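Structural data only, the sequence is not supplied:
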């Protein structure tokens, strides 16, 4: 049969961010794909060395709007390590709370987009409506729905009052009811399972060869989670389960993220019930002594890697960011090489693309 | 991976590949190995086949202002603890053998370092631009100019 | 006389059913997920007659986010050219007005109005969904 090429270009109703694919198909089978990144490249690493450490927090929060808090958390931990300061315990717990709430909101967003791609608009409306509960809570604490500006060098900017604590615990128990309902519907319903079971399985060897991280790796049985393996405080004092599945297909990746949401809700409740008293910030000097530091942390999509080098002034000498979507894009041509045309939206949505993260 | 085993790794690599491999401990919580560019590929092959360290987190390129004629590449690995391979290339002819046949996931990282610093990775197919636009004209953007100060 | 009546009915129809296409020229996604939030049950712009379309040929309004990166400049121009007249452009977010936090970068043009003419600006980083709705209503008043 003849080979034709479908362009999924920078503007497409399927993808909310500009990225260009050329998918080669023959009949109903997909042969492979070619992609062009770089549409969202704003040169963040070049901008970061022209601003001082505090101005960079505002810049780094806008690398990606969906996982904005975890980027600034990794950056602030790196700078604090270079300065040799340790932030108070209450500030560590508040940072972890915002990280976990961001994980819940990111997974709900992803589930809605996946359902919209498949055609199940009802799940899209329900998950994004539940997501509003999480965004409202984050707005009450920090003042912003999507970017919060909670972190500063030396601690956090906003405190959690007892009223906030009660409100958050109420919200989390309502959210848990909704997530359990969602899991039940997805388990019993036939259409989502039928569209995703057995589609584009990834083997453990492929995961290791392409250095894939995050929920995609855990869905194929590779047990990595940096909250347990390289914990930033306070994750070394909190207990939680790392969820893995063995099949590696699109259904495993879907169910794994919903179960991770439930685990994150448990973790948020543990953090709120054990919040230590004390200050939320300490004073940090402006000039950072020369040194290098590496920070690895678990973003909603996988391992986030920061390398920071300082040279004794108040501006960094080098900042290197490697986001988890980049290896996931690397394995995408291999995933697309064995599926039917109708499964293309399922695979593209299952990867949880965040092109703004990948291009920086 | 206990730190005792890391020292054993350096001794084994020194004996098998080259005596010029040395320890670099400038980054806390990260085990650094200094290697010449021609030995980077054998060291990575040994890490994967002998020691089962296969997860490459990133490849960082950078220049130090006190050594403007050099480009440093750092290959960051992870196996429960961080491990980095540091290597120094000359600025006027930066080239190093590619590793995409042993680690296919290094493809995007090599393409990014190549277009940002002008490093040439030998023995690999074409390198179309990854992040920079198609009509980018000019020097590789992250390369320091000859007389440029780091803070400006 | 008849012409004036037809024109009035035509303008009433146009301004109460603005069909929208959304294009991201390199933003961080913050404004884009707030635009998608408009479709969800809480903000529900469909009650104002606004539908999000997939192709420029069906759309009246282009909602643009992001500082225009050099790679998306050509795409943005092509989308604008493909939209049939009368067409309007709304620049959403501070990035699309002036480049925002990325001002000074060597890979961005610095604002949507450096490439295509803009009719309404919505500020915020990222702007709230209520602000985007107000931007659309202000656009309606001007039609």
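Everything's here; your move. Note that the coordinates shown come from a computational prediction; the quantities given were computed from them, not determined experimentally. Numbers count the residues shown, from 1 in each chain, chains lettered A, B, ... in the order given.

Quickly find the element holding the residue nearest the centre of chain C.
Per Cα atoms, centre = their mean, the C-alpha nearest to the average position across chain C is that of residue C:63, at 1.9 Å. Take DSSP states H and E as the rule and residue C:63 turns out to sit in strand C:61-65.

Same question for residue A:239.
With elements delineated by DSSP H and E, residue A:239 resides in a region that no helix or strand encompasses.

and the residue lying closest to residue B:78 once chain neighbours are set aside, what does it touch?
When the adjacent residues along the chain are set aside, residue B:78 lies closest to residue B:55, with 4.8 Å between them (Cβ to Cβ, 6 or more residues apart in numbering or on different chains). In this view, the C-beta of every residue, glycine as well, is placed from N, C-alpha and C. Residue B:55 is in contact with A:208, A:211, B:77-79, counting by Cβ atoms under 8 Å, 6 or more residues apart in numbering or on different chains.

Could you list which of those belong to strands?
When the contacts of residue B:55 are checked against strands (DSSP state E), the matches are B:77-78.

Which of the contacts of residue B:55 sits closest to chain C?
Within the contacts of residue B:55, proximity to chain C (Cβ to the nearest Cβ) peaks at residue A:211, which comes in at 24.0 Å.

which ones are touching that closest one?
With contact set as Cβ under 8 Å, 6+ apart, residue A:211 has these partners: A:327, A:330, B:54-57, B:103, B:105-106.

what number of residues lie near residue 39?
In the absence of a named chain, this looks at chain A. Neighbour count of residue A:39, defined by other Cβ atoms under 10 Å in any protein chain shown: 25.

look at chain B instead
Here the count is done by other Cβ under 10 Å, and residue B:39 has 18 residues near it.

per-residue confidence for it?
What the model reports as pLDDT for residue B:39 is 87.

can you pull the buried residues of stretch B:57-76?
By 16 or more other Cβ atoms under 10 Å in any protein chain shown, the buried positions in stretch B:57-76 come out as B:57-64, B:68, B:71-76.

can you tell if it touches chain A?
Yes. Where contact is defined by Cβ under 8 Å from any Cβ of the partner chain, part of stretch B:57-76 touches chain A, namely B:57-58, B:60, B:62, B:65, B:74, B:76.

Filter those residues down to just the ones in strands.
Of the residues of stretch B:57-76 next to chain A, the ones assigned to strands by DSSP E are B:57-58, B:60, B:62, B:74, B:76.

can those go into a markdown table with extra columns for pLDDT?
Compiled in a markdown table, these are given as follows (pLDDT from 0 to 100):
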| residue | pLDDT |
| --- | --- |
| B:57 | 90 |
| B:58 | 91 |
| B:60 | 91 |
| B:62 | 88 |
| B:74 | 92 |
| B:76 | 92 |
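
can you list the residues of chain A near chain B?
Among all residues of chain A, those adjacent to chain B (criterion: Cβ under 8 Å from any Cβ) are A:37-38, A:41, A:43, A:45-46, A:49-50, A:81, A:208-212, A:229-230, A:291-294, A:296, A:303, A:305, A:307, A:309, A:311, A:313, A:315, A:317-318, A:320, A:322, A:326-327, A:329-331, A:359-360.

One more pass at 6 Å, please.
Where proximity means Cβ under 6 Å from any Cβ of the partner chain, the interface of chain A facing chain B comprises A:37-38, A:41, A:208-211, A:292, A:294, A:305, A:307, A:313, A:315, A:317-318, A:320, A:322, A:326-327, A:330, A:359.

Mind checking which of those residues are buried?
Buried members of the residues of chain A next to chain B, scored by 16+ other Cβ under 10 Å, are A:37-38, A:41, A:208-211, A:292, A:294, A:305, A:307, A:315, A:317-318, A:320, A:322, A:326-327, A:330, A:359.

In the helix or strand hosting residue A:265, which residues are buried?
Assessed by DSSP H and E, residue A:265 sits inside helix A:250-273. Along helix A:250-273, the positions that meet the burial threshold by neighbour count (16+ other Cβ under 10 Å) are A:250-272.

Would you mind pulling the contact partners of it?
Contact with helix A:250-273 is made by A:93, A:96-97, A:100, A:103-104, A:107, A:165, A:168-169, A:172, A:176, A:179, A:183, A:196-197, A:199-200, A:215, A:219, A:238, A:240-241, A:243, A:245, A:346, A:350, as judged by Cβ atoms under 6 Å, 6 or more residues apart in numbering or on different chains.

quick check: mean pLDDT across that helix?
Computed over helix A:250-273, the mean pLDDT rounds to 90.

Can you name the element that comes right after it?
The C-terminal neighbour of helix A:250-273 among helices and strands, as given by DSSP H and E, is strand A:291-299.

Do that next one and chain C come into contact?
No. Contact of strand A:291-299 with chain C (Cβ under 6 Å from any Cβ) is absent, the minimum separation being 13.8 Å.

now for that strand, which elements pack on it?
Contacts of strand A:291-299 with other secondary structure elements, assessed using 3 or more Cβ pairs under 6 Å, 6 or more residues apart in numbering or on different chains; DSSP states H and E, are made with helix A:68-83, helix A:226-229, strand A:302-310.

tell me the angle the first one makes with strand A:302-310.
Here helix A:68-83 points in a direction 40 degrees away from that of strand A:302-310 (axes from the mean of the first three to the mean of the last three Cα atoms, to 10 degrees).

And for the one residue in the stretch 1-150 of chain A that gets nearest to chain C, nearest residue in space, chain neighbours not counted?
Using Cβ to the nearest Cβ, the closest approach of the stretch 1-150 of chain A to chain C is made by residue A:65 at 2.9 Å. Across the structure, with Cβ to Cβ, 6+ apart as the measure, the residue nearest residue A:65 apart from its sequence neighbours is residue C:30 (2.9 Å).

got it, and residue A:94?
Nearest in space to residue A:94, with sequence neighbours left out and distances taken as Cβ to Cβ, 6+ apart, is residue A:156 at 4.9 Å.

Phi, psi for that neighbour please.
According to degrees, to the nearest 10, the main-chain angles of residue A:156 amount to phi -130, psi 160.

Might you report the residue contacts of the residue in chain C that chain A sits nearest to?
When distances are taken as Cβ to the nearest Cβ, chain C approaches chain A most closely through residue C:30, which lies 2.9 Å from it. Going by Cβ under 6 Å, 6+ apart, residue C:30 touches A:65, A:146-147, C:126.

could you redo the last one with a cut-off of 10 Å?
When the contact criterion is Cβ atoms under 10 Å, 6 or more residues apart in numbering or on different chains, the partners of residue C:30 are A:61-62, A:64-66, A:68, A:144-147, A:356, C:65, C:93, C:95, C:124-127.

now do residue C:59
Taking Cβ under 10 Å, 6+ apart as the criterion, residue C:59 is in contact with C:18-23, C:51-53, C:79, C:82-84, C:87-88.

still on that earlier bit, counting neighbours, which of the contacts of helix A:250-273 end up buried?
If you count burial by 16+ other Cβ under 10 Å, the buried members of those come out as A:93, A:96-97, A:100, A:103-104, A:107, A:168, A:172, A:179, A:196, A:199-200, A:215, A:219, A:238, A:240, A:243, A:245, A:346, A:350.

Leaving out chain neighbours, which residue sits closest to the residue most central in space within chain A?
What sits nearest the mean C-alpha location of chain A, by Cα atoms, centre = their mean, is residue A:300, with 2.5 Å. Counting by Cβ to Cβ, 6+ apart, residue A:300 lies nearest to residue A:106, which is 3.9 Å off, once chain neighbours are set aside.

likewise residue C:11?
Taking Cβ to Cβ, 6+ apart, and ignoring the residues beside it in sequence, residue C:11 has residue C:143 as its nearest neighbour in space, at 6.0 Å.
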